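Next comes the sequence, and after it the predicted model I'd like to discuss.
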Amino acid sequence: MEETVVKDSAVRKPKTNKKITWAVLKEQRQLIYMSVPLMAYIILFAYVPIWGWTMAFQDYKPARDFSEQKWVGFKHFEFLFKDESFLQVLRNTLAMSVINMILGFTTAIILALLLNEIRKVFWKRTVQTISYLPHFLSWIIVTGIVATSLASDGIINDVLMKLHLIKEPIQWLSEGKYFWGIVGASHVWKEVGWNTIIYLAAMASIDPALYEAADMDGASRYRKMFHVTLPGIKPTIIILLIMQVGHILEAGFEVQYLLGNGLVVDWSQTIDIFVLKYGLAQGNYSLATAAGIFKTVVSVTLLLIANGVAKRLGEERLL
């Protein structure tokens, strides 16, 4: 009995990472050689431009050399957090990002579960193809379709009026209270089919013996979905959630910029539009850079926190 307990504890003990030594690097030198172009690309286009962050701490003037720029410290950051328009932009970005994340996750998982239950290959492929197609349309085309559908004489108002749900057309794109929902629904329609691919791949790797055992226990299709399929794709869901949390301030740019107008500007502007507005339209590059730095720092911090929490939970399960 004591020997069995020892073996169990040895099995459940978390794996330790292999130490990186010169011998290990020599063994894997082919992989290192293959990674050199990728590392060069990342350094050139991701790390070298960080030099431009210095503009956030200057009253940057394009006509001056670097040594002639006036350093102002955290002046632009202080202005950001005292500026009501930036706080409103931050609210809009967080709200639309959270809506997109919740709707994107739930709809993709639900659609993947339903597609996984279709037994006829023809119908399954047909539904998949139809749901994938909007992903390949540019946001210009998608926003054009959305704007046309939501016009006062568009199909949405026509259907609602014929069903006697409304008495007169609703000006969907002229009232701010509808804007966040429209953006969320547009993201779902465009990306839900594409987002199901990775979940379907994860479902394909689930051991069929688990479904056979569930059948022998008399489990229905819904029971198998909740007690076999969902637990089987749980690691995939967690990984994608961590990645999504790191982009919590990436609410988007194209859809808000193209669907937004003067009537809904208080609900449509995001941090990206704020940076464009001040950086290019008004020439305030320092303020725009400060807003971009804030967005990056928050995203990286949230990513590290989410990754740490997921790692901690994984270690607790192994113990």
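Ah, there it is.

quick one, helices of the stretch 201-319 of the chain?
208-216, 221-224, 230-232, 234-245, 254-259, 265-268, 271-276, 285-318 (DSSP state H, counting those that start in this stretch).

winner for burial among those helices?
For these, the largest average neighbour count (mean count of other CB atoms under 10 Å) is found in helix 271-276, namely a mean of 21. In short, each C-beta sits where N, CA and C put it, glycine included.

Format the helices of the stretch 201-319 of the chain as JSON lines; extra columns: distance to residue 49 and mean pLDDT.
Shown next, in JSON lines, are the helices of the stretch 201-319 of the chain (distance: least, CB to CB, whole Å; pLDDT from 0 to 100):
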{"stretch": "helix 208-216", "distance to residue 49": "48", "mean pLDDT": "88"}
{"stretch": "helix 221-224", "distance to residue 49": "49", "mean pLDDT": "87"}
{"stretch": "helix 230-232", "distance to residue 49": "41", "mean pLDDT": "90"}
{"stretch": "helix 234-245", "distance to residue 49": "22", "mean pLDDT": "85"}
{"stretch": "helix 254-259", "distance to residue 49": "22", "mean pLDDT": "90"}
{"stretch": "helix 265-268", "distance to residue 49": "28", "mean pLDDT": "90"}
{"stretch": "helix 271-276", "distance to residue 49": "14", "mean pLDDT": "86"}
{"stretch": "helix 285-318", "distance to residue 49": "11", "mean pLDDT": "80"}
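
Distance to residue 64 added to the ones you listed, as CSV?
As requested, those are exported to CSV (distance: least, CB to CB, whole Å):
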stretch, distance to residue 64
helix 208-216, 67
helix 221-224, 67
helix 230-232, 59
helix 234-245, 40
helix 254-259, 31
helix 265-268, 33
helix 271-276, 22
helix 285-318, 12
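
nearest to residue 184, of those?
Between residue 184 and the helices of the stretch 201-319 of the chain, the shortest gap by CB to CB is with helix 254-259, which sits at 10.0 Å.

about what we covered before: out of the helices of the stretch 201-319 of the chain, which is closest to residue 194?
Once the helices of the stretch 201-319 of the chain are compared by CB to CB, helix 234-245 is nearest, at 12.8 Å.

what's that closest one packed up against?
Under the contact criterion of 3 or more CB pairs under 8 Å, 6 or more residues apart in numbering; DSSP states H and E, helix 234-245 touches helix 84-117, helix 179-204, helix 285-318.

pLDDT below threshold where in the stretch 51-200 of the chain?
Counting by pLDDT under 70, the stretch 51-200 of the chain contains no low-confidence segment.

let's see it at 90
Residues of the stretch 51-200 of the chain that meet the criterion pLDDT under 90 lie in 51-56, 58-87, 90, 104-105, 116-125, 127-129, 132, 152-154, 164-168, 175-176.

Just the terminal-to-terminal distance for stretch 260-278.
Length of stretch 260-278, first residue to last, CA to CA, to the nearest Å: 17 Å.

What are the contacting residues of that stretch?
For stretch 260-278, contacts defined as CB atoms under 8 Å, 6 or more residues apart in numbering pick out 85-86, 88-90, 92-93, 96, 173-177, 179-180, 249, 251-253, 256-257, 259, 284, 287-288, 291-292, 294-295.
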